[in-house]
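A.B. asks: I would like the atomic coordinates for the input below:
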Amino acid sequence: MVGRARERNRAERAAVRRRRRRLADERAEAKVYRELAGRRQGEEREILLAIAEAEERHAGHWEQLLGADAGRVPRANVRSRVLALLARRFGSVFVLALVQQAERRSPYDTDLEATRTMAADERVHEEVVRGLAARGRARVSGSFRAAVFGANDGLVSNLALVLGVAGGGASTATVLLTGLSGLLSGALSMGAGEYISVRSQRELLAASTPHTADAPQLLPHLDVDANELALVYRARGIPADEAKRRADALLADTGAVVDVPQDDADDVVGSGWGAATSSFAFFASGAAVPVLPFLVGLQGTSALLVAGVLVGTALMATGATVGVLSGGPPLRRALRQLAIGAGAAAITYALGSLFGAVLA
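C.D. replies: Residues are numbered from 1 along each chain as shown. Next up, the predicted model:
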């Protein structure tokens, strides 16, 4: 009997601790959403405040279960506290992506004291945050793509260049000059290429954008019976019946404007200068990493090892960042980036050593 009583007491104490942790985490999550809402306006602000209220309802559930045992609630877990800090300081799409992952790891599916409504709420919150994060990703997609591509290209290509020249037996001065030349030429090439790419895509989209300026002058003279205006809609992917309905409505109201599906080039591809600047800056910052050991005076194998460690760390950081923003596992993305970069560097070093031996 005494053993059973002790076991029940231990179980009750463990339950109280778990409820207190749940209460602290719910309060922290509500704070995160309120901090995010404070940095937004309009519909997004209303959505985030509504989620905060839901989290506060969940906190009320744990307060009710605890009753007199509420006592001193512990601090929320480290993840929730860090998210609250980031939300207060930044409130960016990066924070929303982290919050999305946090919602995905909700423990309520297996917690018997959590209601099914609470578990369902958390699933819905994940989808709501996913939608908000998708808006942010769409706004930064062009420049972010150029930035990530530029940074990784700078890291991998310049490390491979430095290792290849070093493997061929070049002096430290030659390796340093090669690395700096690779940084400058690569950054300029990336920036110019990204600008041309974005401008070309914008021009292609502009060529496909419907031209409706002459519609008011054309509509009164169209053949009502043939109604070729319907062909405009059908050419844009609208079904024949719907196209004819729209065309007939326009002919009946000659003051109307032809409205056909079209995309805004700015929304689709972003700014050419923005993409070029991001690409240049991030390529240069990535390409500078493998050169740093030589700039501070390191030589030979020690400089190459330090360069490899620095580039590997940077590759893992960029890979993890992409993982967070894309909603994927950060560690897997980080290791993938590291493996690709290490493979390219190892192959280049081996080829440089081979060519150096042949030319010696």
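
A.B. asks: and the nearest residue to V95 once chain neighbours are set aside, what element?
C.D. replies: In space, and not counting its chain neighbours, V95 is closest to L86: 4.7 Å by CB to CB, 6 or more residues apart in numbering. C-betas here are computed from N, CA, C, even on glycine. Assessed by DSSP states H and E, L86 sits inside helix 78-89.

A.B. asks: would you mark the buried spots in that helix?
C.D. replies: Buried residues in helix 78-89, counted by 16 or more other CB atoms under 10 Å: S80, L83, A84, L86, A87, R88.

A.B. asks: repeat that for stretch 168-181.
C.D. replies: Buried, per 16+ other CB under 10 Å, within stretch 168-181: G168, A170, V175, L176, T178, G179, L180.

A.B. asks: which of the buried residues of helix 78-89 sits closest to L96?
C.D. replies: Of all the buried residues of helix 78-89, A87 has the smallest distance to L96: 8.9 Å, by CB to CB.

A.B. asks: how close does the nearest residue to the closest one once chain neighbours are set aside sit to A84?
C.D. replies: Residue nearest to A87 in three dimensions, not counting chain neighbours: E35, with 3.7 Å by CB to CB, 6+ apart. Computed as CB to CB, to the nearest Å, the E35 to A84 distance reads 6 Å.

A.B. asks: which of the buried residues of stretch 168-181 sits closest to R19?
C.D. replies: G179 (57.6 Å).

A.B. asks: backbone phi and psi for G169, please?
C.D. replies: phi 90, psi 20 (degrees, to the nearest 10).

A.B. asks: just the pLDDT for it.
C.D. replies: What the model reports as pLDDT for G169 is 79.

A.B. asks: can you check G131 too?
C.D. replies: 80.

A.B. asks: pLDDT on stretch 316-334, on average?
C.D. replies: 77.

A.B. asks: actually stretch 288-301, not the one I wrote
C.D. replies: Rounded mean pLDDT across stretch 288-301 is 87.

A.B. asks: and it, how far from the chain's centre?
C.D. replies: Distance, stretch centre to chain centre, for stretch 288-301: 31 Å (CA atoms, centre = their mean, to the nearest Å).

A.B. asks: try stretch 191-198
C.D. replies: 21 Å.

A.B. asks: dump that stretch to PDB, restricted to CA.
C.D. replies: What follows is stretch 191-198, C-alpha atoms only, in PDB (Å, rounded to 0.1, in the frame of the first residue of the first chain):
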ATOM      1  CA  GLY A 191      25.700  40.100 -60.800                       C
ATOM      2  CA  ALA A 192      25.700  40.800 -64.500                       C
ATOM      3  CA  GLY A 193      24.200  37.300 -65.300                       C
ATOM      4  CA  GLU A 194      21.400  37.700 -62.700                       C
ATOM      5  CA  TYR A 195      20.500  41.100 -64.000                       C
ATOM      6  CA  ILE A 196      20.400  39.900 -67.600                       C
ATOM      7  CA  SER A 197      18.400  36.900 -66.600                       C
ATOM      8  CA  VAL A 198      15.800  38.900 -64.700                       C
END
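
A.B. asks: give the buried residues for it.
C.D. replies: Result for stretch 191-198 [16+ other CB under 10 Å]: buried residues G191, E194, Y195, S197, V198.

A.B. asks: and for the second one, nearest residue in space, chain neighbours not counted?
C.D. replies: Yep, that's E194 we're talking about. S279 (4.0 Å).

A.B. asks: what's the helix or strand for that neighbour?
C.D. replies: Per DSSP H and E: helix 272-288 holds S279.

A.B. asks: downstream of that helix, the next helix or strand is which one?
C.D. replies: Heading C-terminal from helix 272-288 (DSSP H and E), you reach helix 292-295.
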